[in-house]
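Enquirer: Quick one, what's the 3D model for this:
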Amino acid sequence: MEDPSFHIAGIKIVNLVLNYLYLGLLVMSYLLALGNRPQGSKWFYTVAFIGFGIITVYMTVSIPMPIPPRVKILLTAKNLILVRRALPRIHRDQRYCCE
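Expert: Sure thing, here's the model as predicted:
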């Protein structure tokens, strides 16, 4: 999403903040697991759970975003001609046969 073709201002800063948040939550979870019981650190575990959830939602939403522009490029007329020419060759080639 940091590619200039997406025209998203400030995405590098958001990604940097989320990277440090993830690292901080990971370190916090590790340190809490060294000796504290979850009952004694209830709020810290809740914050970590919510933080990891936010990061997961962000990654889930951002993963399919680059797909439509790339599909649009692949579906141009010139690329379709190249694909149509390549498919019969692949079909005839014995290396790609399922036998």
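
Enquirer: May I have the secondary structure class of Glu2?
Expert: coil (DSSP: H, G, I helix; E, B strand; the rest coil).

Enquirer: What are the neighbouring residues in contact with it?
Expert: Ile11, Lys12, Asn15 (CB atoms under 8 Å, 6 or more residues apart in numbering). Using the backbone N, CA and C atoms, a C-beta is placed for each residue, glycine as well.

Enquirer: The first one contacts Asp3, doesn't it?
Expert: No: the pair formed by Ile11 and Asp3 falls short of the contact definition of CB atoms under 8 Å, at 9.3 Å.

Enquirer: So for these two, which sits in the more crowded spot?
Expert: Ile11 (14 against 10; other CB atoms under 10 Å).

Enquirer: Contacts made by the lengthiest helix in the chain with the rest, please.
Expert: The longest helix of the chain (DSSP state H) is helix 11-33. Helix 11-33 is contacted by residues Met1, Glu2, Ser41, Phe44, Tyr45, Val47, Ala48, Gly51, Phe52, Ile55, Tyr58 when judged by CB under 8 Å, 6+ apart.

Enquirer: Spatially nearest residue to the third one (excluding sequence neighbours)?
Expert: It stands for Ser41. Nearest residue to Ser41, sequence neighbours excluded (CB to CB, 6 or more residues apart in numbering): Leu32, at 5.0 Å.
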